[in-house]
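Okay, predicted coordinates and the sequence, questions at the end:
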Amino acid sequence: MAPIRVLVNGATGKMGMETVSAVCREEDLTLVGAACHTPRGSSLRLPGGSDVPLSTNLEELLHETTPDVLVDFTNATASMEASLMAAGRSVNLVLGASGLTDDNLRQLDAVANDNNIGVIVAPNFALGAVVLKKLVEQAVEFFDYVDIVESHHEAKIDAPSGFAMALAKSIGDKKQFTRNVTERENLPGTRGGEYNGVTIHSIRMPGRSAHHEVILGALGQTLTLRHDTLGRDCYMPGVVRCIREVVNRRGLVVGLENILGL
């Protein structure tokens, strides 16, 4: 069987570089091209010493390299532009961009069906994070209060994180949680954001990678569940799994848990 041909969009970013290295380690995957936002020459040197085309013109790169899968780690706006362009060429999509909206997901579902391709959107590719989400969904039945505390590096462009919002929606869409309203808020916004009674707090500072803590409260007790990302390499098994899966799927799948069968 021929290797799966992969093009990475956002290849010179931190997650993009990890993905490039991960793809190059797999015998059944072949990196055929790399796209980036800022001009950095016409080729990207791979860990083994070979080169692949590097370009800021994704449309030309798609035509030149004919990939099976586009892996995107950019931002929501750039990711949607790239996805629509690639889908028009019947290229399957693995998307890790943060900040995709419900409207974006509906559009991706439509283009997946229209072009007979697979699209996987994962707010978090770390196995531990997916297990955290599953545990939280099981536990919230017994608790009325939920706070999510998430922290990332200072350069993250959005808040809350995509995974924190996925957590909040996965439980907040099932029931309304209790959120106390203080008589006086001495500093506006101190209580954090809210989604159906789920409170979300975002921390942005150097020295952080990706950390999500869910605190569940009930009469006389709390339960705390937490996942810490210590390095971006933890995402790569999930990314590679999605690349292999997406070529055999049609339509949109949201969440790594739905790929792993959790």
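Thanks, I have it. Numbers count the residues shown, from 1 in each chain.

In a strand, Leu7, correct?
Yes. Secondary structure of Leu7, determined by DSSP: H, G, I helix; E, B strand; the rest coil: located in a strand.

292 is where my numbering starts, stick with that
With the count now opening at 292, the last piece we talked about shows up as Leu298.

you'd agree it is up against Leu361?
Yes. Proximity of Leu298 to Leu361 meets the contact threshold set by C-beta atoms under 8 Å, at 5.2 Å. In this view, the C-beta of every residue, glycine as well, is placed from N, C-alpha and C.

give me the element Asp400 is part of.
Asp400 belongs to helix 393-406 when assigned by DSSP states H and E.

which is the next helix or strand following that helix?
Remark: after helix 393-406, the chain's next helix or strand is strand 409-412, criterion DSSP H and E.

That following strand pairs with which strands, and in what direction?
Taking DSSP bridges as the criterion, strand 409-412 sits next to strand 383-386 (parallel), strand 542-545 (parallel) in its sheet.

The last one: which residues count as buried?
For strand 542-545, the neighbour count (16 or more other C-beta atoms under 10 Å) marks 543-545 as buried.

What mean pLDDT does it get?
Strand 542-545 carries an average pLDDT of 96.

Alpha carbons of whatever helix or strand comes next after that strand, as CSV, please.
Past strand 542-545, further along toward the C-terminus, the next helix or strand under DSSP H and E is helix 548-551. These are the backbone C-alpha positions of helix 548-551, laid out as CSV (Å, rounded to 0.1, in the frame of the first residue of the first chain):
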residue,chain,number,x,y,z
GLU,A,548,-12.5,10.6,21.5
ASN,A,549,-14.7,9.8,18.5
ILE,A,550,-11.6,8.5,16.7
LEU,A,551,-10.5,6.4,19.6
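
buried ones in helix 548-551?
With the criterion 16+ other C-beta under 10 Å, helix 548-551 contains buried residues 548, 550.

so how far is that helix off the chain centroid?
Here the centre of mass of C-alpha atoms in helix 548-551, compared against the chain's by C-alpha atoms, centre = their mean, to the nearest Å, lies 13 Å away.

can you check stretch 424-436 too?
Stretch 424-436 sits 22 Å away from the centroid of its parent chain (C-alpha atoms, centre = their mean).

Now do the end-to-end distance for that stretch.
The straight-line separation of the ends of stretch 424-436 (C-alpha to C-alpha, to the nearest Å) is 16 Å.

contacting residues around it?
Contacts to stretch 424-436, defined as C-beta atoms under 8 Å, 6 or more residues apart in numbering, come from residues 415, 437, 454, 457-458, 461-462, 465-466, 468-470, 505, 507-509, 514, 516, 546, 548, 553.

and those residues, which of them are in strands?
Secondary structure assignment (DSSP state E) places 437, 505, 507-509, 514, 516 from the contacts of stretch 424-436 within strands.

in its sheet, what does the helix or strand bottoming out on mean pLDDT in the chain sit against?
Taking mean pLDDT, DSSP states H and E as the measure, the chain has strand 334-336 as its least confident helix or strand, at a mean of 89. Using DSSP bridges, the neighbouring strands of strand 334-336 in the sheet come out as strand 342-346 (antiparallel).

got the angle for the helix or strand just after the partner strand vs strand 342-346?
Remark: after strand 342-346, the chain's next helix or strand is helix 349-356, criterion DSSP H and E. What separates the directions of helix 349-356 and strand 342-346 is an angle of 150 degrees, with axes from the mean of the first three to the mean of the last three C-alpha atoms, to 10 degrees.

Output the contacting helices and strands for helix 349-356.
For helix 349-356, the elements it packs on are strand 295-300, strand 320-326, strand 342-346, helix 367-378, judged by 3 or more C-beta pairs under 8 Å, 6 or more residues apart in numbering; DSSP states H and E.

Enumerate the positions of that helix that are buried.
Those buried within helix 349-356 under the rule 16+ other C-beta under 10 Å are 349, 352-353, 356.

cool, stretch 297-309 as well?
Residues of stretch 297-309 classed as buried: 297-304, 306-309 (neighbour count, 16+ other C-beta under 10 Å).

Then stretch 354-369?
Of all the residues in stretch 354-369, those buried under the rule 16+ other C-beta under 10 Å are 356, 358-367, 369.
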